[in-house]
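*Asks:* only geometry, no sequence info:
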């Protein structure tokens with residue numbers, strides 16, 4: 001996989017492009033509430049529901065996602081974000097490349113910030129996973 005240069009890998013690594021790919025295959029994806037490069041325009045809590053997910057299309061792990069449920073970030077053990085802090089974090093992420101050198105990630109054309117609905121009522125097991133913030137930090141302990 002290290003030397004694989006299949007262009008499909010770029011699409012699958014890019015969270016925004018992979019959404020479109022899944023939709024084209026008839027797979028349901030969470031509603032996209034906002035997308036763009038300017039965190040002041042994308043992350044506008046007064047225009048968002050109480051629960052949502054903020055992530056970058058080119059980042060992975062705890063540094064590239066915030067899962068806001070009822071105003072608290074489940075990834076960061078219930079941290080109550082101030083609007084400007086959340087914007088600052090994702091403003092920094094949009095300027096940086098993911099810190100692991102991977103060919104597909106390195107070739108994502110345009111870094112984006114995405115805000116999606118938080119899915120919690122799809123199935124009881126999904127709600128349990130979404131409430132377990134450590135799932136976003138240490139996968140091997142929770143899955």
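*Replies:* Yes, it's here. All of these numbers come straight from a predicted model, not from anything done at the bench.
*Asks:* Check which residues of whichever strand or helix holds residue 116 are buried.
*Replies:* In the assignment (DSSP states H and E), residue 116 maps to strand 113-117. Across strand 113-117, burial judged by 16 or more other C-beta atoms under 10 Å covers 113, 114, 115, 116. All C-beta atoms are positioned from the backbone trio N, CA, C, and that covers glycine.
*Asks:* Which residues outside that strand are in contact with it?
*Replies:* Contact partners of strand 113-117, identified using C-beta atoms under 8 Å, 6 or more residues apart in numbering, comprise 15-16, 29-37, 39, 42-43, 48-49, 51-57, 90, 93-94.
*Asks:* if we can go back for a sec, pLDDT and distance to residue 23 for the buried residues of strand 113-117 - can I get that in CSV?
*Replies:* Formatted as CSV, these follow (pLDDT from 0 to 100; distance: C-beta to C-beta, whole Å):
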residue, pLDDT, distance to residue 23
113, 96, 20
114, 96, 14
115, 97, 17
116, 96, 13
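*Asks:* Out of the residues you listed, flag the one nearest to residue 73.
*Replies:* residue 115 (13.5 Å; C-beta to C-beta).
*Asks:* partners of the closest one in the sheet?
*Replies:* residue 34, residue 54 (DSSP bridges).
*Asks:* In space, what's closest to the residue most central in space within the chain - neighbours in sequence excluded?
*Replies:* Of all residues in the chain, the one closest to the mean position by C-alpha atoms, centre = their mean is residue 55, 2.7 Å from it. Using C-beta to C-beta, 6 or more residues apart in numbering and skipping residues adjacent in sequence, the residue nearest residue 55 is residue 65, 4.4 Å away.
*Asks:* Next up, the contacts around that neighbour.
*Replies:* 53, 54, 55, 59, 75, 136.
*Asks:* Now it: phi and psi?
*Replies:* Recorded main-chain torsions at residue 65 are phi -150, psi 140, according to degrees, to the nearest 10.
*Asks:* measure it to residue 59 for me?
*Replies:* Distance of residue 65 to residue 59, given as C-beta to C-beta, to the nearest Å: 8 Å.
*Asks:* Helix or strand next in line after the top helix by length along the chain, which one?
*Replies:* When the chain is parsed with DSSP state H, its longest helix is helix 83-95. Per DSSP H and E, the first helix or strand lying C-terminal to helix 83-95 is helix 103-106.
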